[in-house]
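K.L.:
Whatever this is, show me its structure:
(2 chains)
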Amino acid sequence: MKLGFLVDLNLCMGCKGCEVACKVENEVPLSTWRLRVKYIDIGTFPETSRNFTPLRCNHCANAPCERICPVSALHYLDNGIVNVDSERCIGCAGCVMACPYGAIYIDPETNTADKCTYCAHRIESGMMPACVVACPVEANIFGDIEDETSHISRYIMEHQGGVQVRKPEKNTNPHHFYVGGGNQTLNPLAHERIEGYGLFNNITHLKHVGDPNHSLLDRFVAPFVGHEKLDNKSLMDLESQAQENKGGH
Amino acid sequence: MDHGTAIEATKAVVTLDVALPGIIWGWMITLNMWAKSIGTGVILVGAFLLYRHKKEEMPNLRWLMPLISSIALNVFLLFTLIDLHQPLRMINIFLHPHWTSAITVGAWMATLFTALITLLALIGFFDQHPDVRRHCGLAKKIRGMSGVYEKIFPFVVVLAIPVTLYTAVIMAESSARELWQAPAELIQMLMAAFMVGSATLVLIADKWSENARKDLALVLALAVFFSFLMYMGEYFFSFKSAEAEMTLTYVHSGGEYNVQFWAAMLLGFIIPFFVAFGSLKEYNKTLMKFAAVTTLIGLYMAKDVWLKIPQLLPLS
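P.N.:
Model prediction:
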């Protein structure tokens, strides 16, 4: 069994229900995302269209993150999921540098690498990933791509020629497919980020990698003296301090 | 928002997205690569000089070469460690090694290399200074191992090559960053080691023979020349992928690392080349020391630019 994911972009309406469900299910901290939905506007008014692209880990069969991880914290499960062992991760960020899809982040609460695991804990209990359950239009299709009778396999067969993966030239062999996508929605180099053209805000950049309140010394002494448990509220309090932090991470 | 400017019809514009990550591998990784280049470079250049000249012509080389290398490698290991978000778990690299990772292979080789270099530094130091800690048991034991130095030195020289090169393999495995994917990065790493190795040895070469110092100038001139050519080739013609092209276009167009790149080329490559080339005829100690310092500064700046610019590109 090899689990795969397919998103039909013709169906997606950009409600971000999947994004919120993922955040809640996996307790993803502020400033980090396992799944996000990007809005891309194409054309000049009045000939414009708004496109929505959900982005998550591609669970590649030839995963660069798994290859570069020095301690096998990123590893394959038998069902093809690329899983993370946060107890083993040393936080070198090699996987963050290797992932061509920008799908891995350093969790600011644990200071270890994290990413979408296709909700491996739910799969183990026979449930669907949280984002699949939350989608109101069933744009997220999940299942065994080696089983010809599965929904996802039939969907792929029915849309032959229209099924795409992101960055195929990287030869990562993603197990995450899109229907209804185009170069402008799937290729990050084909669309621009223009200051002032955001829906709600300007282009923003993360001010820190990992925990913003974790000094170099803390990295060594925290396991012995204990470290204040961070939650989303404490991370919010630190936002203003993080603005002033410059230099290394 | 400027309503007077229309966006081209063919352009797609991101109108809602999350905050973009910034530079993830920052100055600590630059410092770590730079220190490693010094640590391996002094050994490689030192071995070349010992092959070409009698050791009496370079009286302090036997003990200062491994001492400088050991200090540089310990700086490298220290910054490797503190750059980790979970530094105490570094032990996992030895307890749970994953051999497809160049980080793992490199960490094992660099640890072995540092241990051997530190041993050479101790033997060299106590041999050179027979009166220091004369009655200390450990010092006596190390002085008794004097012959070991010459036995393990050839092994250390060979080991210095993969220890120099493995960072290029880590960068090649960082497949999201197209700019680092060139096989030329391996040669660039080797050239960097010869550059800063010879530059560092220039600083301790005052009492060396004229011929040995001229050889040092020759290594410096050749290393900066070829390294500069490679940087220029990669900077202007290395459009092997859309991502690499976009990264370089940003710098070419006066992006924030443009000035740092050209300052690095001037300090680290152009000035040292002309000074070292001039010193092949008549060695000028003061000018060569100046060129050595600019080489060390320039290489740090160049490595810093090359490390950071591919990280400016959004990946998704």
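K.L.:
What average pLDDT does the helix or strand hosting B:F274 get?
P.N.:
Using DSSP states H and E, B:F274 sits within helix B:271-279. Taken as a whole, helix B:271-279 has a mean pLDDT of 97.
K.L.:
next one: stretch B:54-71
P.N.:
Mean predicted confidence for stretch B:54-71 is 95.
K.L.:
buried set for it?
P.N.:
Residues of stretch B:54-71 classed as buried: B:57-58, B:61-71 (neighbour count, 16 or more other C-beta atoms under 10 Å in any protein chain shown). Glycine gets a C-beta too; all of them are placed from N, C-alpha and C.
K.L.:
before we move on, back to that, pull out the buried residues from the helix holding B:F274.
P.N.:
Under the neighbour-count criterion of 16+ other C-beta under 10 Å, helix B:271-279 has B:271-273, B:275-279 buried.
K.L.:
And for stretch A:87-97?
P.N.:
A:88-97.
K.L.:
Give the residue spans of chain A that score low on pLDDT.
P.N.:
Applying pLDDT under 70 to chain A flags the ranges A:201, A:213, A:223, A:225-249.
K.L.:
no no, chain B
P.N.:
Along chain B, the parts satisfying pLDDT under 70 run over B:1-10, B:238-239.
K.L.:
For the nearest residue to B:R177 once chain neighbours are set aside, list the residues it contacts.
P.N.:
Leaving aside its sequence neighbours, B:R177 sits nearest to B:P310 (C-beta to C-beta, 6 or more residues apart in numbering or on different chains; 3.8 Å). Listed by C-beta atoms under 8 Å, 6 or more residues apart in numbering or on different chains, the contact partners of B:P310 are B:177-180, B:243-244, B:247.
K.L.:
ranking those residues by neighbours, who comes first?
P.N.:
B:L179 (25 neighbours; other C-beta atoms under 10 Å in any protein chain shown).
K.L.:
Just to check, that residue is in contact with B:T249?
P.N.:
No: using C-beta atoms under 8 Å, B:L179 makes no contact with B:T249, being 11.6 Å away.
K.L.:
Can you tell me which residue of the stretch 51-200 of chain B sits closest to chain A?
P.N.:
B:H85 (2.6 Å; C-beta to the nearest C-beta).
K.L.:
So which bits of the stretch 201-316 of chain B are right by chain A?
P.N.:
Within reach of chain A by C-beta under 8 Å from any C-beta of the partner chain, the stretch 201-316 of chain B has these residues: B:241-243, B:246, B:311, B:314-316.
K.L.:
Which of those fall in strands?
P.N.:
Here DSSP state E is the test, and those give no hits in strands at all.
K.L.:
okay, the helix holding B:F274 in PDB with CA atoms only?
P.N.:
Output of helix B:271-279 as PDB, limited to C-alpha atoms (Å, rounded to 0.1, in the frame of the first residue of the first chain):
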ATOM      1  CA  ILE B 271      43.900  42.200  -4.500                       C
ATOM      2  CA  PRO B 272      45.600  38.900  -3.300                       C
ATOM      3  CA  PHE B 273      46.200  37.800  -6.900                       C
ATOM      4  CA  PHE B 274      48.100  40.900  -7.900                       C
ATOM      5  CA  VAL B 275      50.100  41.000  -4.600                       C
ATOM      6  CA  ALA B 276      50.900  37.300  -4.700                       C
ATOM      7  CA  PHE B 277      51.800  37.400  -8.400                       C
ATOM      8  CA  GLY B 278      54.100  40.400  -7.600                       C
ATOM      9  CA  SER B 279      55.700  38.500  -4.800                       C
END
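K.L.:
Next SSE downstream of it?
P.N.:
helix B:285-308.
K.L.:
Could you list the buried residues of that following helix?
P.N.:
By 16+ other C-beta under 10 Å, the buried positions in helix B:285-308 come out as B:288-289, B:291-308.
K.L.:
list the buried ones in stretch A:191-209?
P.N.:
Residues A:191, A:194, A:197-198, A:206-209 are the ones in stretch A:191-209 that count as buried (16+ other C-beta under 10 Å).
K.L.:
Including secondary structure and distance to chain B, could those residues go into CSV?
P.N.:
Putting the buried residues of stretch A:191-209 into CSV (DSSP: H, G, I helix; E, B strand; the rest coil; distance: C-beta to the nearest C-beta, whole Å) gives the following:
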residue, secondary structure, distance to chain B
A:H191, strand, 4
A:I194, coil, 6
A:Y197, coil, 5
A:G198, coil, 6
A:L206, coil, 5
A:K207, coil, 7
A:H208, coil, 8
A:V209, coil, 5
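K.L.:
re the thing from before, so the residue of the stretch 51-200 of chain B closest to chain A, which state does it fall into?
P.N.:
coil (DSSP: H, G, I helix; E, B strand; the rest coil).
K.L.:
Would you mind measuring from it to A:L74?
P.N.:
15 Å (C-beta to C-beta, to the nearest Å).
K.L.:
Compare those two (neighbour count), which wins?
P.N.:
Higher neighbour count among B:H85 and A:L74: A:L74, with 27 against 23, using other C-beta under 10 Å.
K.L.:
Look up how far B:L44 lies from the more buried one.
P.N.:
34 Å.
K.L.:
who touches B:K303 in this structure?
P.N.:
The neighbourhood of B:K303, defined by C-beta under 8 Å, 6+ apart, consists of B:30, B:33-34, B:192.
K.L.:
Kindly recompute the last result at 7 Å.
P.N.:
B:30, B:33-34 (C-beta atoms under 7 Å, 6 or more residues apart in numbering or on different chains).
K.L.:
Quickly note the distance from it to chain A.
P.N.:
Noted for B:K303: a distance of 15 Å to chain A, by C-beta to the nearest C-beta, to the nearest Å.
K.L.:
What's the separation between the residue in chain A that chain B sits nearest to and B:H98?
P.N.:
Distances between chain A and chain B by C-beta to the nearest C-beta are smallest at A:G91, namely 2.6 Å. Distance of A:G91 to B:H98, computed by C-beta to C-beta: 15 Å.
K.L.:
One more: B:K207?
P.N.:
48 Å.
K.L.:
So which of those two has more stuff around it?
P.N.:
Taking other C-beta under 10 Å, B:K207 and B:H98 do not tie; B:H98 has more neighbours (20 against 10).
K.L.:
Next, the residue nearest to that one when sequence neighbours are not counted: phi, psi?
P.N.:
The shortest distance from B:H98 to any non-neighbouring residue, by C-beta to C-beta, 6+ apart, is to A:S72 (4.4 Å). Here is the backbone geometry of A:S72 (degrees, to the nearest 10): phi 60, psi 30.
K.L.:
So A:V7, which state does it fall into?
P.N.:
A:V7 is classified as strand under three-state DSSP.
K.L.:
Run through the residues that contact it.
P.N.:
By C-beta under 7 Å, 6+ apart, the contact list for A:V7 reads A:54, A:139-140, A:178.
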